[in-house]
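Asker: here is my input, please return the structure:
(2 chains)
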Amino acid sequence: MNPTISRLALQALVGQRRGLVLAALPLVLVLLAVVVRLLTGEAISARGVLVEVGLAVVVPLVALLAANGVLGPEIDDGSVVYLLSTPVSRYVVAASKWLTAAGVSAVLGAGGLAAAALAGGVSGRWVLASAVAGAVGAVLYTALFTAMSAATRHGMIAGLVYVLLIERGLGTLLTGLRYVSVQSFTQRVTEAVADIDMPVDMGLTYAVVAGVFVLVAGVAFAGWRLAHFQLRGDE
Amino acid sequence: MSERTGVIHDIGYRPYTGPREGRWGIVAGLLRHGALSTFGFGRSARSKVLPFGLLVVTLVPAIVFVGIISFVGMDSELLNYAGYQQVTAAFVSLFVAAQAPVLFTRDLRSGAISLYLARPLGPAAFALVRWASLVLAILAFVVTPLVVMFVGGLGAGAEVRDELPRFLVALAGALLLAVLLATVGATAASLTMRRGLAIGGTIVVLIFGLGATAILQEIGREQGVEDAAAWLGLISPFVLVDAVQHGLGDAASSFETPPDNPTTAALMLLIALAAAAAALLLLVRRYRTRGSR
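Answerer: Reported below is the predicted structural model:
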């Protein structure tokens, strides 16, 4: 890990009011939980708000914005060349960048989901589950999305296609896709840690092994792509 | 200039003296170029992959419906033109989010915009023409599946008399949707000026807005406040178009609490158009400030 690269990535991510864009989504989720609770006068449906909206939309989008924010703009405007010309291993560069993205989105994801759970008045176990799901999901998603943003200039689109079309669109029709869905791994791990019931059917060992694989392979792939980086034109 | 004495530097360059297109020529050219480059024409092959890939995916349900009608028999319930955009909302949102930055981020960020704006077309006209070309592109994107369904349905034996009114309502809805989506995309892209952020912002507004509206409307229906919940359609363009089609065009709604009263739908339409106009003012101001640097 290289602390300087991590610090610069953090500045790029949250400096100059850009952090507000990232924080907006968790805030809206908390607001949604408050509004739903006020309207119905009882605790929110944990599955409806926390899992279907929080874990399925907010966490991936925050992770996507964070992962693309640490690497994408630099590749876009070409200044990544100066970073790559430093005598730092490209794998260390990728890992440091990922660490920042994962840290920021884990704080926002876990904090946002837990705050929404508290504001929604669900049971203590669900508050714990929200925090765990937000943190685990953010860490895994950022690894995946960092790899995507290193692989293509259209990392944002690739990530959105993965989240919206594969996990949400096709995932509801073809249940077999749960074996390649980061969201399912997160749900299974959360289920085991916080002792609650999530709508996922998967072996815990598989979920853990697959999660670790996504994590390691994602960061390593991003490093490998940076090691084989080619300078290209705009399109 | 007739008493030209120095000939050393006159090497025969001549200015263009032919006919000039004038203002409308520039507008038409910019409009065509913007709408085409949204679909990747005039750009590399790789930038055509995404818009056309999304278009193909968006067409799949329409083709499936037409196929069912041709082989199984006519069931006019299947040709739900007005509800089509709500089925494919994710693809339409992705298209808008991904393609709006093509028109609205590059020239603003690189500063090349001040060169464009030095031409006879001022910042206001330039920004509005850019916006109009995005509207045209989105319109083409959302109308194509409707046309496929309409023509396919007629080919499978549907009556023109039955289908045409519903088709026209859906066309009007598609136009409204294109205007609203283009405004969201253009605002997000011109404010952030970074492709990644612009895509994220547009998706957050469109997809998250749609999800939150659906949840809140469901709660509103459970609590028995349908009339108030109908107004929540203002949060999401997709729900709003559905509400207007239902309230003014008598189309079947895809959401929990559509407004049954035409006045409500008309008011919602007016408010949405006013919001879009305000966003366009913001867009023009953005071009003015960036262009004067």
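
Asker: surely A:V139 meets A:A106?
Answerer: Yes - between A:V139 and A:A106 there is a contact under C-beta atoms under 8 Å: 5.7 Å. C-betas here are computed from N, CA, C, even on glycine.

Asker: residue 229: what's its closest spatial neighbour, skipping adjacent residues?
Answerer: All of this is about chain A. Spatial nearest neighbour of A:F229, chain neighbours left out: A:L84 (6.0 Å); criterion: C-beta to C-beta, 6 or more residues apart in numbering or on different chains.

Asker: actually chain B
Answerer: B:G220 (2.7 Å).

Asker: ok, the one you found to B:G185 distance?
Answerer: 28 Å (C-beta to C-beta, to the nearest Å).

Asker: what about the two, which has more around it?
Answerer: B:G185 (30 against 21; other C-beta atoms under 10 Å in any protein chain shown).

Asker: sec struct for that one, please.
Answerer: helix (DSSP: H, G, I helix; E, B strand; the rest coil).

Asker: surely A:S184 and A:T172 touch.
Answerer: No - if you go by C-beta under 8 Å, A:S184 and A:T172 don't touch, sitting 11.9 Å apart.

Asker: and these two? Which one has more around it.
Answerer: A:S184 (24 against 9).

Asker: returning to what we had before: mind listing what the residue nearest to B:A229 touches?
Answerer: The contact partners of B:G220, taken as C-beta atoms under 8 Å, 6 or more residues apart in numbering or on different chains, are A:L39, B:E226, B:A228, B:A229, B:L232, B:E256, B:T257.

Asker: what's the first helix or strand after the longest helix anywhere in chain A?
Answerer: Counting by DSSP state H, the longest helix found in chain A is helix A:90-120. Counting by DSSP states H and E, the next helix or strand C-terminal to helix A:90-120 is helix A:124-151.

Asker: what mean pLDDT does that following helix have?
Answerer: On average, the pLDDT along helix A:124-151 is 89.

Asker: quick one: that helix to helix A:90-120, angle?
Answerer: 150 degrees (axes from the mean of the first three to the mean of the last three C-alpha atoms, to 10 degrees).

Asker: now do helix A:124-151: which elements does it pack against?
Answerer: Contact here means 3 or more C-beta pairs under 8 Å, 6 or more residues apart in numbering or on different chains; DSSP states H and E; on that basis helix A:124-151 packs against helix A:59-77, helix A:90-120, helix A:155-160, helix A:182-194, helix A:204-227.

Asker: any chance of a markdown table for those, columns distance to B:P61 and mean pLDDT?
Answerer: Converted to a markdown table, these look like this (distance: least, C-beta to C-beta, whole Å; pLDDT from 0 to 100):
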| stretch | distance to B:P61 | mean pLDDT |
| --- | --- | --- |
| helix A:59-77 | 24 | 86 |
| helix A:90-120 | 33 | 90 |
| helix A:155-160 | 20 | 86 |
| helix A:182-194 | 24 | 84 |
| helix A:204-227 | 31 | 89 |
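
Asker: TSV for those helices, including distance to chain B?
Answerer: Formatted as TSV, those follow (distance: least, C-beta to the nearest C-beta, whole Å):
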stretch	distance to chain B
helix A:59-77	4
helix A:90-120	12
helix A:155-160	5
helix A:182-194	15
helix A:204-227	16
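
Asker: three-state assignment of A:P87?
Answerer: coil.

Asker: where does pLDDT dip in the stretch 1-150 of chain B?
Answerer: By pLDDT under 70, the weakly predicted segments of the stretch 1-150 of chain B are B:1-2, B:4-7, B:74-78.

Asker: tell me the residue furthest from the middle of chain A?
Answerer: A:G41 (31.7 Å; C-alpha atoms, centre = their mean).

Asker: and it, backbone torsions?
Answerer: Taking degrees, to the nearest 10, you get phi 80, psi 10 for the backbone angles of A:G41.

Asker: same thing with A:V14?
Answerer: Torsion angles, degrees, to the nearest 10, at A:V14: phi -110, psi -10.

Asker: looking at it, it is touching A:V104, isn't it?
Answerer: Yes - between A:V14 and A:V104 there is a contact under C-beta under 8 Å: 6.7 Å.

Asker: now the common contact residues for these two.
Answerer: Joint contacts of A:V14 and A:V104 (C-beta under 8 Å, 6+ apart) are A:L22.

Asker: more crowded one of these two?
Answerer: Using other C-beta under 10 Å as the criterion, A:V14 and A:V104 rank with A:V104 on top: 26 against 18.

Asker: residues contacting that one?
Answerer: A:L10, A:L13, A:V14, A:L22, A:A66.

Asker: tell me the most packed of the residues you listed, by neighbour count.
Answerer: Counting by other C-beta under 10 Å, top hit in these: A:A66 with 30 neighbours.

Asker: how about A:P199, secondary structure?
Answerer: Taking three-state DSSP, the label given to A:P199 is coil.

Asker: report how many residues lie close to A:M156.
Answerer: Neighbour tally, A:M156, other C-beta under 10 Å: 29.

Asker: is it true that it touches B:G201?
Answerer: No - using C-beta under 8 Å, A:M156 is not in contact with B:G201; the gap is 10.8 Å.

Asker: just to revisit the earlier point, so which of the helices and strands packed on helix A:124-151 is the most packed in?
Answerer: Mean neighbour count, computed with mean count of other C-beta atoms under 10 Å in any protein chain shown, is highest for helix A:59-77 among these, reaching a mean of 27.

Asker: and after that one, which helix or strand comes next?
Answerer: helix A:80-84.

Asker: show me what that following helix is packed up against.
Answerer: helix A:59-77, helix A:90-120.

Asker: include distance to A:V51 when you put these into TSV, please.
Answerer: Putting the helices and strands packed on helix A:80-84 into TSV (distance: least, C-beta to C-beta, whole Å) gives the following:
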stretch	distance to A:V51
helix A:59-77	10
helix A:90-120	10
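
Asker: and B:R14, what are its phi and psi?
Answerer: phi -120, psi 140.

Asker: please tell me how far it sits from B:R20.
Answerer: 15 Å.

Asker: what's A:D201 sitting at in phi/psi?
Answerer: Given degrees, to the nearest 10, the pair of backbone angles that A:D201 has is phi -120, psi 100.
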